[in-house]
Every structure is written in structure tokens, then in C-alpha cells.
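Asker: fold the following.
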Amino acid sequence: MTPTNLGDLPSNLPFPNQRVQVKRGAAVTDQAVSNLIAAGTKLSDGAGGLMEIFYQPRYACYWLVRGNIIVKARSDQDGNWRRCDFGLYISPADANGVTLGFSRPTNNYPTLEWRTYAFSFMFKLNPGITYNTYLGFQYSTGYWQLYHPNTPWHRIFGVVLGEGEI
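Answerer: Coordinates of the predicted model:
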């Protein structure tokens, strides 16, 4: 990394440092997903919004993004386990050409309670571009799975690191 000289930074803007964004689920209502839904579909916050955050860096930086989700299979399905994957997406592609940062497979059983999963990815951002990262549906072996967009378990957050130093 090559540090940016402080004298090269605009004097009318604050010094670049870590910036944190958090988006939490907003409702106690189950959302259903299955193989009938297209990969990359943004997940709901349960209250009409989407699980996404935006950032436009002034300088090149890294954006460490983490997602959390709680999932189970619908109880009206057969007793077999089901696979359902969720991902961290970014649009447009980051400086390395990445659009799907991480795909998190989950194993879901109709007879078991909810399971929580966490996943993260570090995107490299170019300056002056508005990036959107979001929790998205990725894949299902079939049947229906549920995710629960309640505040304690459903969230996406990003931390900007090294802005102006890469």
C-alpha cells in the first residue's frame, strides 16, 4: 500500500477513516425462497425495503461487508434436508471484477429449528463510483425455505478500510 500524503487530501473534507453502515431486518415475518427465484434476487428487510447498503468512496479503499441470516425449511415439506445458498453481491463490479463476493450454503431441515449463518467478503473499491452491496438469494435444491428478517438475526453491515491508502 502507498499512503496518501495528508497534504494531498482536500482541506475542506474530513480526514478519511473507517465508516460503518448497518442495515437490519425490520419485521417479524417469514420470507419464502425456492429454486423458482432467480439467483441474485435481493432479500427483503420484511417491511418493504431491501437488505442493501451503498457507498461512494472519495479515494480507493476496501469495503469489508458482513451478512447474517436465519433460515429453516418450511414445515410442509418432506423430512429431508434442503440446501439453500445466500450471497453477498456488489454492483457494479468492484475493482477486481467481483460481483458475487461470497455464496453461503445452508442446510435446512423442516423438523429442526431456525439456524443462523454469517458470511463476509472484502471488496476493493475505486473512487467516485457508487457501489451497492446486498444480501441476495443464490441457489436452492428445490422446495421452499424460509428466512426471518427480524432485527436480531437479519443484517448487513460494511466497514470502509484503508481509504486513500491503497
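Asker: mind listing the strands the longest strand belonging to the chain pairs with, and their directions?
Answerer: Longest strand of the chain, by residue count under DSSP state E: strand 61-73. Strand 61-73 has the following strand partners under DSSP bridges: strand 115-125 (antiparallel), strand 144-147 (antiparallel), strand 155-161 (antiparallel).
Asker: ok, of those strands, where does mean pLDDT dip lowest?
Answerer: In terms of average pLDDT, strand 144-147 trails the rest of those, at a mean of 78.
Asker: about what we covered before: most tightly packed of the strands paired with strand 61-73?
Answerer: The densest packing among the strands paired with strand 61-73, expressed as mean neighbour count by mean count of other CB atoms under 10 Å, is seen in strand 144-147 with a mean of 23. (Each C-beta comes from the backbone N, C-alpha and C, glycine too.)
Asker: on that earlier part again, want to throw the strands paired with strand 61-73 into TSV with distance to L64?
Answerer: Conversion of the strands paired with strand 61-73 to TSV gives the following (distance: least, CB to CB, whole Å):
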stretch	distance to L64
strand 115-125	5
strand 144-147	23
strand 155-161	5
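Asker: three-state assignment of G101?
Answerer: strand (DSSP: H, G, I helix; E, B strand; the rest coil).
Asker: pretty sure it contacts F86?
Answerer: No. Applying CB atoms under 8 Å as the test, G101 and F86 come out as separate, 11.7 Å apart.
Asker: tell me which of these two has more neighbours.
Answerer: The neighbour count for G101 versus F86, taken as other CB atoms under 10 Å, is higher for F86 (26 against 19).
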